[in-house]
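**Q** What follows is a protein structure lacking sequence information:
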């Protein structure tokens, strides 16, 4: 693409040591520039530095070979044939270089002639090139008689790369001093990129602490490379592979990180280290003497270095690296955290470290070091930690790049949110919240910042939440169970002045006796009414609550999503056999989010129409309900003669048989209005164990008890019919409950059914209607 300032081509790849490095190629009148998409590194070739260019057909369209005056060879592939005239005209007008068009030899022969055109080895046949080898990609070359072996630098970013090539050079002369194979080897090694540890060390730093790779190393600075010498490993890092350097202060203000980014990264076995992290203590001091003469300092380093240097170790190291490598050193910009530092404490991949928001990207140290440029960031998401369990004290920062890579920096303190949000907003980085709702996130942080609205709601999840809230509200409206509580008995005995003067001892005895009676009552209740325990009175069942709902009340209309789901549910099942209900909901939600706006509008119009009809119907229903209120059904009263009373009646009106009250209101209304139903005799029960006192009060012979009306105890009610008892044995006589006050006795005319069925003790048979002696 051409513009007023030059030519610009995207999706062009530079061949770097056999690997394709995609990026953007730009022809400017003053320079030729290429920006790598992976590393962001910009390679510039000045218009005066370019001496020759080659245009030739390649496997990926057409390639452009650029050769500079410093013998650097760079290949760019991915260009189109229509770009040839534009590039040729531009190079002719602005660059002092030749433009040569070449046609490759395509017969596939493996013999021919070799020409060394500076740093480029061209293997050709019949005047046409078969292939070209940039000699700077050669790591070493060896010669053995007439055979020359050429080895190449390896690139870890490629799955397959060229390792070596072997050339057979025939000996066509008889001169022992002029061997063609040796001449070939010398020509290759002249421009080969071979690292040789020759020359003097400029400066040496001993026992420097490296966080990545971990350990202490002696750092030797040579004119062309950096050497790390450790106990187990040694590394030689050419300065040409260093693309960035950072100087980052630690949060404790006592140490400093010096980070070196390399491309290609250094290797230790199968582990790759794209970043070297060196840690210095601020208080460490160094006095250095550079092994450079004054002339070299003045010419090569332009007088920016001094032969004698003194100062903090991190400052002297940074200064020497800056001018020896020839790269800028990046430091934190204007960002300041809530604690006043220039870094944010967080964790990445279960390791804690520090995130530095820089002017052009993020840098994370310590392990593993990560550098993210702003121009490769697609979006930034804020997500909560442990959402749904109270308010979270921290949050996560998720960064997504244009290539689809995600970086999560977790456990960032909540107070850093506003600072980080303002910083990202100032850099014009797209911020969107993670799936989970913008309102929840904004409310949690007390912020007015809202995230992107691109996320569609999860309708299935919203429906489940709504049903849960309705269920909870229904349960909260129901009355609590009126269960029998130990220690709370009905007040059956009249109050008297003597009882109030008893004191603590009498109260303790009374409470103890009441507790014993309530335990006996509970046991009888369990035996007599097992269903009452399962369904306590006052607790409405689901069927009862459903029965109380008005069937005439209009139902709420479905949303547009559920209208669409009703039409497409069967289709989803057919296309995905064996799919579960949950998977159907997920699949339907995804399809609804990706649905076209026109198709959505159809269902939204239907939903809006149904919503309007519902609103009109509910208004009319409310008016009718206000004029004619619906009667609430009252629970049916149960007779006291029922064989299985409810737990509510048994717990709230229960009175022990041993407590006889003179109140006349013990009989319920149901006892007066409904006749007692005849009851069948239960199976015989064993006689209870009676204490010695009861035995003394009983007559000596059982025959005297059966059917005898002459009893000395006036408290004993009329005896039961012997025919209704099991085994011909009547129940024992009732004892009177005497307190220290006035005696409490039962009147002689007390009806037999006063206490109902609950008043029978173990061993008694229930009364039959014929033995009551009363008729309704």
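**A** Perfect, I can see it now. Remember, predicted model here, so these are calculated numbers, not experimental data.
**Q** Who are the contact partners of residue 140?
**A** Neighbouring residues of residue 140 by CB atoms under 8 Å, 6 or more residues apart in numbering: 151, 192, 194. Placement of C-beta: from N, CA and C, glycine included.
**Q** would it count as being in a helix?
**A** No: counting by DSSP: H, G, I helix; E, B strand; the rest coil, residue 140 falls outside a helix, being strand.
**Q** now, among the contacts of residue 140, which is nearest to residue 65?
**A** Nearest to residue 65 among these, counting by CB to CB, is residue 192 at 18.3 Å.
**Q** I'd like the distance between that closest one and residue 21.
**A** From residue 192 over to residue 21 the distance is 21 Å, taken as CB to CB, to the nearest Å.
**Q** now swap in residue 95 and tell me
**A** Counting by CB to CB, the gap from residue 95 to residue 21 is 22 Å.
**Q** and if you look at residue 351?
**A** 29 Å.
**Q** ok, those two, which is more surrounded?
**A** Counted by other CB atoms under 10 Å, residue 351 and residue 21 do not tie: residue 21 has more neighbours, with 21 against 10.
**Q** Which helix runs longest in the protein?
**A** Secondary structure of the chain per DSSP state H: the longest helix is helix 597-627.
**Q** For it, enumerate the helices and strands it packs against.
**A** With contacts defined as 3 or more CB pairs under 8 Å, 6 or more residues apart in numbering; DSSP states H and E, the packing partners of helix 597-627 are helix 560-575.
**Q** got the buried residues for the helix it packs on?
**A** 560, 561, 562, 563, 564, 565, 568, 572 (16 or more other CB atoms under 10 Å).
**Q** what helices or strands is the following helix or strand past that helix leaning on?
**A** Under the assignment DSSP states H and E, the closest C-terminal helix or strand after helix 560-575 is helix 581-593. Judged by 3+ CB pairs under 8 Å, 6+ apart, helix 581-593 is in contact with helix 459-477, helix 560-575.
**Q** residues of helix 581-593 that come out buried?
**A** For helix 581-593, the neighbour count (16+ other CB under 10 Å) marks 584, 585, 587, 588, 589, 592 as buried.
**Q** Let me see the contact set for the fourth one.
**A** Pointing back at residue 588 there. Contact partners of residue 588, counting by CB under 8 Å, 6+ apart, are 460, 565, 568, 569, 572.
**Q** I'd assumed residue 191 was in contact with residue 118.
**A** Yes: Residue 118 lies in contact with residue 191 (CB atoms under 8 Å); the separation is 7.2 Å.
**Q** So for these two, which sits in the more crowded spot?
**A** More crowded of residue 118 and residue 191, by other CB under 10 Å: residue 191, with 19 against 15.
**Q** so what pLDDT did the more buried one get?
**A** With respect to pLDDT, residue 191 has a value of 84.
**Q** which residues touch it?
**A** Contacts of residue 191 (CB under 8 Å, 6+ apart): 71, 118, 119, 135, 136, 138.
**Q** Look up how far residue 596 lies from residue 576.
**A** Taking CB to CB as the criterion, residue 576 is separated from residue 596 by 21 Å.
**Q** Likewise for residue 223?
**A** The spacing between residue 223 and residue 596, counted by CB to CB, is 64 Å.
**Q** coming back round to it: go through the helices and strands packed on helix 581-593 and find the least confident stretch.
**A** Among these, helix 459-477 carries the lowest mean pLDDT, a mean of 57.
**Q** State the helix or strand in which the residue nearest to residue 327 when sequence neighbours are not counted lies.
**A** Leaving aside its chain neighbours, residue 327 sits nearest to residue 245 (5.6 Å; criterion: CB to CB, 6 or more residues apart in numbering). Assigned by DSSP H and E, residue 245 belongs to strand 242-249.
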